[in-house]
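>>> Everything below, folded, please.
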Amino acid sequence: MGPICNWHGTGRLAGVAHGHDGCMFRRTDPITERLRRLDLPRSAADRLVRQGTLVRIPSGKAICTKGQRGREAFLIVDGTANVLTDDGVVTAGPGDVVGELATLDWGRTRNATVVADGDVDVLVYDARAFLVLAEDPELRPRLVPDRLSA
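Purely as a prediction, here's the structure:
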């Protein structure tokens, strides 16, 4: 069997891209790579991407609203958001999670409104998926930080 880059067969492998000369290379997910730049291990970044739904929140729109029940949590992938609390405004950015406390505790409502400050890309997790991810020892410190959260 010859080197993979010289293979010019007609078959294609799932999840593998083919260059103009037939050379095969593994595709990398751009969202996983963004999370890797936030010092997440590849396995953790892959799990976060697989379990979430990528959504772009337009500038000025609420990501979550104070007083709502927590049906989902949001991991900011790109951009920044303003967390409007009773004590003031906190900026959240790439790698920060908002909406996690009300999502983890269904008896609790959101304690802040979070508004996109420019377009913001977030991974959205429904409550069931977030609960599973938050139990993972590798992910828990990232998903359930020690701070007041929206």
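>>> contacting residues for Arg36?
Residues near Arg36 by C-beta atoms under 8 Å, 6 or more residues apart in numbering: 42, 45. Where you see a C-beta, it was placed from the backbone N, CA and C, and this is true even at glycine.
>>> Try it again at 10 Å.
With contacts defined as C-beta atoms under 10 Å, 6 or more residues apart in numbering, Arg36 is in contact with 28-29, 42, 44-46.
>>> residues touching Leu54, list them.
For Leu54, the contacting residues are 30-31, 75, 77-78, 121-124, by C-beta under 10 Å, 6+ apart.
>>> for Glu72, same thing?
By C-beta under 10 Å, 6+ apart, the contact set of Glu72 is 52-53, 55, 63-64, 99-100, 102-103, 122, 124-127, 129-130.
>>> So what does Asp87 have for phi and psi?
phi -90, psi 0 (degrees, to the nearest 10).
>>> Show me where this structure has its helices.
For the chain, helices defined by DSSP state H occupy the ranges 30-36, 42-51, 100-104, 127-135, 140-143.
>>> what about the shortest one, average pLDDT?
What that stands for is helix 140-143. For helix 140-143, mean pLDDT rounds to 88.
>>> Show me what that helix is packed against.
When contacts are defined as 3 or more C-beta pairs under 10 Å, 6 or more residues apart in numbering; DSSP states H and E, helix 140-143 packs onto helix 42-51, strand 72-85, helix 100-104, helix 127-135.
>>> Pick the most buried one from the ones you listed.
Burial of the helices and strands packed on helix 140-143 is given as mean neighbour count (mean count of other C-beta atoms under 10 Å); helix 100-104 ranks first at a mean of 23.
>>> so what does it touch, helix or strand wise?
Applying 3+ C-beta pairs under 10 Å, 6+ apart, we find helix 100-104 packed against strand 72-85, strand 113-126, helix 127-135, helix 140-143.
>>> Include distance to Leu38 when you put the ones you listed into a markdown table, please.
Below are those laid out as a markdown table (distance: least, C-beta to C-beta, whole Å):
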| stretch | distance to Leu38 |
| --- | --- |
| strand 72-85 | 9 |
| strand 113-126 | 12 |
| helix 127-135 | 15 |
| helix 140-143 | 9 |
